[in-house]
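>>> Here's my sequence, what's the structure:
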Amino acid sequence: MAVSAAQVTVGATPVALQPAESGVAGGRLYVKNSHASDDLVLGPADVTPSSGFALGFGETLEIPYSFGERIYGVSGGEGDVVAHVLRLGE
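The predicted model follows:
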């Protein structure tokens, strides 16, 4: 099982929360928002603060994904948000 961890800074432009696939069939992504006041908003490559799934401060989400799927994040406020990301691949 492949394991990787990262802290990804996201702002007003959507940022991929997991690295490009390298032969991984899929797995699980765990995402945590560590910003004290702004939401981390998740969705597809064109996610916006009003169109995505908002994670509040300290919230964690487990996301199963398949090969080739990408999850993007954008800040729900005016500042940058740090997403803590743990990827478990199969």
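
>>> my read: E62 touches G27, true?
No: shown here, E62 and G27 do not form a contact pair, counting by C-beta atoms under 8 Å, at 10.7 Å. C-beta here means a position set from N, CA and C on the backbone, and glycine is covered the same way.

>>> which one of the two has more residues nearby?
Legend: neighbour count by other C-beta atoms under 10 Å for E62 and G27, higher for G27 (19 against 10).

>>> pretty sure that one contacts Y65?
Yes: counting by C-beta under 8 Å, Y65 is a contact partner of G27 at 6.7 Å.

>>> So for stretch 69-80, what gets flagged as buried?
Under the neighbour-count criterion of 16 or more other C-beta atoms under 10 Å, stretch 69-80 has I71, Y72, G73, V74, S75, G76 buried.

>>> ok, residues contacting that stretch?
Contact partners of stretch 69-80, identified using C-beta atoms under 8 Å, 6 or more residues apart in numbering, comprise 8-18, 26, 29, 31, 35, 37-45, 47-49, 52, 54, 63, 65, 81, 83.

>>> just stretch 40-58 next, same as before
10, 14, 16-17, 31-37, 39, 61, 63, 70-77, 81, 83.
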